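**Student:** Sequence and predicted structure, then a few things I'm wondering about:
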There are 2 protein chains.
Amino acid sequence: MKITIDEVARRAGVSKATVSRVMNNSKPVKQEKYDRVMQVIEELGFIPNPVARGLAHQKTGLVGVVIPDITNPFFAELVKGIEEVVRDKNYNMVLCNTFHNFEKEMSYLKMLREKYVDGIIFMTAKVTHEHRDFFRSSQLPVTFINRKCEDLNVSSIDIDNYQAAHDITTFFLKRGHRRVAIIRAPLTDKTSGYERFHGYRDAMQAYGIELNASLVMRSNFKIENTYKTVRRFLREEPAVTAIFATSDLMAIGAIKALQDEGIQVPHQVEVAGFDDIPMASYYHPSITTVRQPIAEMGRTATKILIREINGEKVKNRNLILPYQLICRESTLTSKVSGE
Amino acid sequence: MKITIDEVARRAGVSKATVSRVMNNSKPVKQEKYDRVMQVIEELGFIPNPVARGLAHQKTGLVGVVIPDITNPFFAELVKGIEEVVRDKNYNMVLCNTFHNFEKEMSYLKMLREKYVDGIIFMTAKVTHEHRDFFRSSQLPVTFINRKCEDLNVSSIDIDNYQAAHDITTFFLKRGHRRVAIIRAPLTDKTSGYERFHGYRDAMQAYGIELNASLVMRSNFKIENTYKTVRRFLREEPAVTAIFATSDLMAIGAIKALQDEGIQVPHQVEVAGFDDIPMASYYHPSITTVRQPIAEMGRTATKILIREINGEKVKNRNLILPYQLICRESTLTSKVSGE
DNA sequence: TGACAACAGGAAAGCGGTTTCCTATAATAA
DNA sequence: TTATTATAGGAAACCGCTTTCCTGTTGTCA
């Protein structure tokens, strides 16, 4: 049987207002009554109903987290970071997996909408018109991860994808590679994949190499897909000497494909990834990549979000965090020292 | 500004009871009024406040999911399966990461307790006394994944860990291996790790080999830890010819360690894992393992839980799903055909 | 000792829905 | 045509907690 605040009040011989005050320290209560109430609460193991509390307060203590795919280690790591802060601040997290599906994204957003959660952490490949409408019309705090969105009044956290991709491409070029292929994500338009692609393109151009469509592979976020794409690619472009995969999962698919084609990594073809998911250092060969501070991004995003939930005016709410190039076995790092 | 049911009622010229009836089809309403109400709802884009609804209904539409670590691909896959069903049934999922920490586990359970969520999907390495007390005293539906618990009135879903481990060990033994090492998880006592360990032990004994403590490695769920453990192990036990890692992450750590010691997998040492996480087939070499129907377990667990939330009496509520031995490159499968 | 401020704590009004209860009206039977 | 039964729909209670509002007490100062 459930115990309510009324029951506690009855047993302690006070009004429920007093019980509420004792529990929330919202107004002074005489020591004697205070103790009496506390004792009854203790005895009955009373826990106030969070739903009722939420109704009265107009907040639920819930943060919505919308991500494409939890089985992608990048997002798992992000969620881990988010969770740490959420927990620490006494919130809970409602996890929503969109599987990169725009309809699901919108339906989840609507589901979480107004009043249900106190704020949303949102990750998407592409910010559409509908998203904008949604976020504009809804007054609840939102933080974007992996995407800045200047025309929307949301906080955000990201790295400089363009520059990182530029750096890693240059890393290949500097050491003599000329036929550098790229594996890019499907979406165009202001996505991080787009930024990475342009970083690659411009780095190549800086070395006088025009964009060569036959060196551009398109894949998605599934290893399997990249694997197939790369195997097909290798039949047509056997002369490639380096591959820049725009995510570590893509790099894994690529390396596996190369090895299954009997091509040695890194000796015949070098591969670099992006993200630095935990597996990147334990894959064989371990993967050269761009380290994003993934969990840190999750933590920081959540801190910002919660401050905004609490009505704080956060000044620095659109962050670009530093990245780092990590050289591992999938590129011949011995050559690096010569640079 | 927020629109409430009162506002809708006012504009439609009916009572809020009628609006509620229209929205829930809980009682017939004259066509004319029905249409009028629907139109106002449409116009205003009215969405009933789920918290208020929850208060009245005494349910939140939330399912708590307690897992050790979302960055472990096994759990990520599980959560994916859970999510699919949760979403389909119009529930939402509150994700809780315990990081294998017992205190966090209990504090999360308490947090989710009574009335906050409608049910809990729970995964833990070890079911303690405190857990039992908690689940006994709380009347909310609970489903365990990866653990059956006969003395507790909870539904559960699992595979036969003992037999699977027995099979995979026998798979090594049949093909002539005698020095088969095992990497086991830390906890003892009724855990799936315990079952797997015993399956190994008994399979060895069936071949007349007594348990040899020097062939037993202890590690945890982190790749890094296993990596270090195996490297250390190899200095002392270079004669090992096969390693049974009781999880795929352990297998990855082990293979990486072997390769870094200059030992060829599978030619010098064979390795098998457990779980069949997605990475198992894309690692290099791909990993022989026991396939658990991970996402399926998540889905089924959730279906059972939701039926129990709805007050159904589920008959078959303690399931043991089939597993499957998957041979890949980390063992010399050519030998298999000869068996 | 009287006037006024400070304070503790109860009653009641929300928060935003759902549902019971009851009445007025329409439909059916006699 | 009248008595009886269905039915639609409004008023109000309720879910369980918070908070405002107000009153009765105590404390302070002149």
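**Tutor:** All right, it came through fine.
**Student:** Let me know the pLDDT of A:Gly338.
**Tutor:** On the pLDDT scale, A:Gly338 is placed at 33.
**Student:** What is the burial count for A:Glu329?
**Tutor:** For A:Glu329, the count of nearby residues is 18 (other CB atoms under 10 Å in any protein chain shown). Every C-beta, even on glycine, is put in place using the N, C-alpha and C of the backbone.
**Student:** Please identify the residues of the stretch 1-150 of chain A in proximity to DNA strand C?
**Tutor:** A:14-18, A:27-30, A:32-33, A:52, A:55-56, A:58 (CB under 7 Å from any atom of the strand).
**Student:** DNA strand D next: which of the residues you listed are close?
**Tutor:** A:Lys16, A:Ala17, A:Lys27, A:Ala52, A:Leu55, A:Ala56.
**Student:** I'd like to know how many residues surround A:Asn316.
**Tutor:** 7.
**Student:** typo on my end, A:Glu42
**Tutor:** 9.
**Student:** How about A:Gly64?
**Tutor:** With other CB under 10 Å as criterion, A:Gly64 counts 25.
**Student:** now A:Gly61
**Tutor:** Other residues close to A:Gly61 by other CB under 10 Å number 18.
**Student:** Check A:Asn25 too.
**Tutor:** 9.
**Student:** circling back: give me the buried subset of the residues of the stretch 1-150 of chain A next to DNA strand C.
**Tutor:** A:Val14, A:Thr18, A:Val29, A:Lys33, A:Ala52, A:Leu55 (16 or more other CB atoms under 10 Å in any protein chain shown).
**Student:** Please see if the helix or strand that the fifth one is a member of touches chain B.
**Tutor:** A:Ala52 is located in helix A:50-57, with elements delineated by DSSP states H and E. Yes - where contact is defined by CB under 8 Å from any CB of the partner chain, part of helix A:50-57 touches chain B, namely A:Pro50, A:Val51, A:Ala52, A:Gly54, A:Leu55.
**Student:** Quick one: mean pLDDT for that helix?
**Tutor:** Averaging pLDDT along helix A:50-57 gives 93.
**Student:** Kindly export that helix (C-alpha atoms) in PDB.
**Tutor:** Output of helix A:50-57 as PDB, limited to C-alpha atoms (Å, rounded to 0.1, in the frame of the first residue of the first chain):
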ATOM      1  CA  PRO A  50       8.000  12.500  -8.100                       C
ATOM      2  CA  VAL A  51       5.100  12.800 -10.500                       C
ATOM      3  CA  ALA A  52       3.000  14.800  -8.200                       C
ATOM      4  CA  ARG A  53       6.000  16.800  -7.300                       C
ATOM      5  CA  GLY A  54       6.700  17.400 -11.000                       C
ATOM      6  CA  LEU A  55       3.200  18.500 -11.600                       C
ATOM      7  CA  ALA A  56       3.400  21.100  -8.800                       C
ATOM      8  CA  HIS A  57       6.800  22.300  -9.800                       C
END
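**Student:** can you list contacts of it?
**Tutor:** A:Thr60, A:Gly61, B:Asn49, B:Val51, B:Ala52, B:Gly54, B:Leu55, B:Thr60, B:Lys115, B:Tyr116 (CB atoms under 8 Å, 6 or more residues apart in numbering or on different chains).
**Student:** C-terminal to it, what's the next element?
**Tutor:** Next along from helix A:50-57, by DSSP H and E: strand A:62-67.
**Student:** ok, that following strand near chain B or not?
**Tutor:** Yes - applying CB under 8 Å from any CB, one finds strand A:62-67 in contact with chain B at A:Leu62, A:Val65.
**Student:** by how many degrees do whichever helix or strand comes after that strand and helix B:73-88 diverge?
**Tutor:** On the C-terminal side of strand A:62-67, the nearest following helix or strand under DSSP H and E is helix A:73-88. Orientation check (axes from the mean of the first three to the mean of the last three CA atoms, to 10 degrees): helix A:73-88 against helix B:73-88 gives 70 degrees.
**Student:** re the thing from before, biggest separation within the ones next to DNA strand D among the residues of the stretch 1-150 of chain A next to DNA strand C, which pair?
**Tutor:** A:Lys27 and A:Leu55 (20.3 Å; CB to CB).
**Student:** quick revisit: of all the buried ones among the residues of the stretch 1-150 of chain A next to DNA strand C, which comes closest to B:Val314?
**Tutor:** For those, the nearest to B:Val314 is A:Ala52 (29.9 Å; CB to CB).
**Student:** Now do the SS call for the closest residue in space to A:Ile287 that isn't next to it in sequence.
**Tutor:** In space, and not counting its chain neighbours, A:Ile287 is closest to A:Ala280: 4.2 Å by CB to CB, 6 or more residues apart in numbering or on different chains. Assigned with DSSP: H, G, I helix; E, B strand; the rest coil, A:Ala280 falls in the helix class.
**Student:** what about A:Asn161, how many residues close to it?
**Tutor:** Counted with other CB under 10 Å, A:Asn161 comes out at 25.
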